[in-house]
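Novice: Predicted model, plus sequence, below.
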Amino acid sequence: MIDRTVEVERMEHVISVFGSFDQNLRLIESDLNVKILDRDNLIHITGEEEGVMLAEKAINGLLALAARGEAIDAQNVRYILKLVRNGQESEISKLAGDVICITAKGKPIKPKTLGQREYCEAIANNTVTLGIGPAGTGKTYLAVAAAVAAFRAEKVNRIILTRPAVEAGERLGFLPGDLQSKVDPYLRPLYDALFDMLGPDTYQKYLERGNIEVAPLAYMRGRTLDDSFIILDEAQNTSREQMKMFLTRIGFGSRVVITGDITQIDLPSDKVSGLKVAMKVLEGIDDIAICTLTGADVVRHRLVQKIIEAYEDYEKRLPSDEKESGRSGRAAGSAARSGRTAQRSGRSRGETGRDRPQNSRGRQNRGQRNA
């Protein structure tokens, strides 16, 4: 057992780091198996040597963030604990990044992890950016924030948001309403992000003026998009041809962000994801950045991060032959469905063909009776 002391310059920073009812403090204690007490302007840490050293680094990092005006919550604490465990405590200061955008309610939007920071820097410094990562890493939200910031700064004249209209593993059939009503459910996540950034009234105003366009990917063919900030969401569900079509829409003064999660592809098993192909084809091209986010960059509920890690571990343990059999089974199922469809069509054609001779004989018999 050892004891370490951290000196604090301002008590308001301690209040921010410890959190409401010391919830952040309890999180550090339970994660590192240490005991933390504060007396006047000193924080005492007691426990085993390794845990105490890590707790000291984490608290110093959190105090540095609080001194820069950063809000400290449980998600920040968990991420910083992960950084100090990996020996990356020197990277903590980079989390106090610049604000990308201010929402309609006055909330500042900024990257919360190192991966998100690299992603935002790539968007700012490149014409085309591919953001690949699991759910909850802020790929779409940060891209929309960057688009709104560029629009407010008059760097672009339009914001265009698009995504392929692909159902997530189920067939919804024909949806009611006009064409816009049919595609709205697929584009709802993009609407939500824009509403958060601009507010519904401002969003509607810009939509009527044509400054904002939210449309399915099929509407992009044949267009040249100049002076626009274009975001392609759910790109893992594009085909190879769709991705090439989209990438060749880029005009002068435009910026493109493509987001997707290659672990959640809803395409038929016999189709290759256009995002996977683009990652290989575009690698190494100047002014195109490919950013890969991981489970460590998840900023949703803490269970989302654990779920993603559990699935990654499961995929690693899964034998390769079982993966192949799963893919073969899906392909066989698709082929069987196609075969049944062809068989039904063949029977229909056969029945129609058999009807014709009967009708012909019927006419012949009628002609003999008339004679």
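Specialist: Cool, got the structure. Numbering: from 1, shown residues only.
Novice: From N211, how far out is the residue most central in space within the chain?
Specialist: By Cα atoms, centre = their mean, the chain has its centre lying nearest to K139, at 4.3 Å. The gap separating K139 from N211 is 23 Å, by Cβ to Cβ, to the nearest Å. (C-beta placed from N, C-alpha, C; glycine too.)
Novice: for T263, same thing?
Specialist: Distance, T263 to N211, by Cβ to Cβ: 34 Å.
Novice: do the same with I258
Specialist: According to Cβ to Cβ, I258 stands 21 Å off from N211.
Novice: Comparing these two, which residue is more hemmed in?
Specialist: Taking neighbours as other Cβ atoms under 10 Å, I258 and N211 compare with I258 leading, 29 against 16.
Novice: Can you say which helix or strand has that one in it?
Specialist: Using DSSP states H and E, the secondary-structure element containing I258 is strand 255-260.
Novice: Please enumerate the helices of the stretch 101-250 of the chain.
Specialist: Assigned by DSSP state H, counting those that start in this stretch, the stretch 101-250 of the chain shows helices spanning 114-125, 139-152, 179-198, 200-209, 240-247.
Novice: how about these, which one is nearest K276?
Specialist: K276 lies closest to helix 240-247 among these, at 8.9 Å (Cβ to Cβ).
Novice: List the buried residues for that closest one?
Specialist: Residues of helix 240-247 classed as buried: R240, Q242, M243, M245, F246, L247 (neighbour count, 16 or more other Cβ atoms under 10 Å).
Novice: Verify the stated contact: the fourth one with A218.
Specialist: No: under the criterion of Cβ atoms under 8 Å, M245 makes no contact with A218, lying 9.5 Å away.
Novice: between the buried residues of helix 240-247, which is nearest L54?
Specialist: M243 (43.9 Å).
Novice: Now do the contacts for that closest one.
Specialist: By Cβ atoms under 8 Å, 6 or more residues apart in numbering, the residues touching M243 are A235, G274, L275, V277, A278.
Novice: Take those and keep only those in helices.
Specialist: G274, L275, V277, A278 (DSSP state H).
Novice: By mean pLDDT, point me to the weakest helix or strand of this structure.
Specialist: Within the chain, judged by mean pLDDT, DSSP states H and E, the helix or strand with the poorest mean is helix 320-370; its value is a mean of 49.
Novice: pretty sure R302 is touching D73, no?
Specialist: No: counting by Cβ under 8 Å, R302 stays clear of D73, with 11.2 Å between them.
Novice: want to throw the buried residues of helix 240-247 into JSON lines with distance to L37?
Specialist: JSON lines is the format used below for the buried residues of helix 240-247 (distance: Cβ to Cβ, whole Å):
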{"residue": "R240", "distance to L37": "60"}
{"residue": "Q242", "distance to L37": "59"}
{"residue": "M243", "distance to L37": "57"}
{"residue": "M245", "distance to L37": "62"}
{"residue": "F246", "distance to L37": "57"}
{"residue": "L247", "distance to L37": "58"}
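Novice: Switch those over to a markdown table; also include pLDDT.
Specialist: Conversion of the buried residues of helix 240-247 to a markdown table gives the following (pLDDT from 0 to 100):
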| residue | pLDDT |
| --- | --- |
| R240 | 91 |
| Q242 | 91 |
| M243 | 93 |
| M245 | 92 |
| F246 | 92 |
| L247 | 92 |
